[in-house]
Every structure is written in C-alpha cells, then in structure tokens.
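**Student:** Build the 3D model from these lines:
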Amino acid sequence: MSDAPPAANVLGGPLKLCSAAPRTGWLRDGCCHTGPEDRGMHVICAVMTADFLAYSRAQGNDLISPAPAFGFPGLKPGDRWCLCASRWEDARRAGVAPPVDLESTHAGALRVTALEHLLIHAAQGTAEA
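**Tutor:** This is a model prediction of the structure:
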C-alpha cells in the first residue's frame with residue numbers, strides 16, 4: 001500500500017476515472033495517472049472525436065486501428081482516452097482538440113497546457129462512473 005497522496009486533477013480535486021471500457025491510462029488502471037516512466041505524460045482525459053482521430057492518424061499516431069498484441073481495441077468517436085499532453089496541445093493549436101474531462105485530467109497536464117485552454121475544451125457532464 002502506497003503512502004503517496006492521491007493524484008490531483010487540474011481543478012485541484014482528486015483524479016477520477018477516465019475510462020474502464022476501453023481501459024485507458026499509462027498504467028491501464030482507467031485513470032490518467034503518470035510517473036517517471038511515462039515520458040509522453042498520458043494525463044489528459046479526452047473524449048474522442050472523428051476530427052481528432054483523423055488528425056492523430058495523419059500525424060502518425062493511429063488510435064483507430066486495433067492492436068490486439070498490445071491489448072489496444074482501437075478507438076472510435078465518444079470513447080474516452082488518456083492522451084499525451086503534448087499531443088492534445090498540438091491538436092488544440094491545429095483546431096481539432098477533443099473535449100476534456102477536467103475531473104479526470106491529471107494536474108500534470110498544466111505543465112504542458114494552460115488551464116484556460118482546458119476549460120475552453122471542457123466536456124459536458126462528469127467523469128465516468
């Protein structure tokens with residue numbers, strides 16, 4: 001059992017579940033936790049859109065095609081996924097950033113993007129139950 005405090009989200013509250021189906025996160029625990037091994041900082045809980053998925057594929061990161069060898073089911077619009085903060089920021093600058101679940105986005109995202117940008121792209125509703 002860890003004595004570490006629970007991870008915080010970008011609003012200062014406890015980090016909530018992003019998605020259990022498909023199971024997401026660097027640790028595949030459903031949350032956008034991060035750690036020293038997570039060089040990509042998979043900390044932004046985003047709701048996939050067709051525009052973002054097409055953009056990501058065009059940038060060389062195919063999130064649509066399943067990769068069964070890695071336990072990756074492939075994503076479709078509406079799926080929630082922990083994105084790399086820099087990938088989300090690139091998409092924001094390109095005008096195709098997907099909506100963000102603020103309660104499920106790790107506070108570490110603020111090292112890469114501004115809270116103001118995340119608030120503008122806040123998803124409707126709350127974290128997945």
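
**Student:** Only C-alpha atoms from now on, for both contacts and neighbour counts.
**Tutor:** Noted.

**Student:** Helices along this structure, start to end?
**Tutor:** With DSSP state H as the criterion, the chain has helices at 50-58, 85-94, 115-120.

**Student:** Could you dump those helices into CSV with mean neighbour count and mean pLDDT added?
**Tutor:** Output for the helices of the chain, formatted as CSV (neighbours: other CA atoms under 10 Å; pLDDT from 0 to 100):
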stretch, mean neighbour count, mean pLDDT
helix 50-58, 16, 98
helix 85-94, 18, 97
helix 115-120, 15, 97
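
**Student:** Now tabulate the ones you listed in JSON lines and tack on distance to Glu103.
**Tutor:** Listed next are the helices of the chain as JSON lines, based on distance: least, CA to CA, whole Å:
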{"stretch": "helix 50-58", "distance to Glu103": "21"}
{"stretch": "helix 85-94", "distance to Glu103": "15"}
{"stretch": "helix 115-120", "distance to Glu103": "11"}
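
**Student:** right, and these - which one's nearest Asp101?
**Tutor:** helix 115-120 (8.8 Å; CA to CA).

**Student:** and the closest one, how far from the chain's centre?
**Tutor:** 14 Å (CA atoms, centre = their mean, to the nearest Å).

**Student:** Can you name every helix or strand that it contacts?
**Tutor:** Contact partners of helix 115-120 among helices and strands, from 3 or more CA pairs under 8 Å, 6 or more residues apart in numbering; DSSP states H and E: none.

**Student:** To what extent is the residue nearest to Phe52 when sequence neighbours are not counted buried, counted in neighbours?
**Tutor:** Nearest non-adjacent residue to Phe52, counting by CA to CA, 6 or more residues apart in numbering: Val96, 5.5 Å away. Residues within reach of Val96, counting by other CA atoms under 10 Å, total 19.
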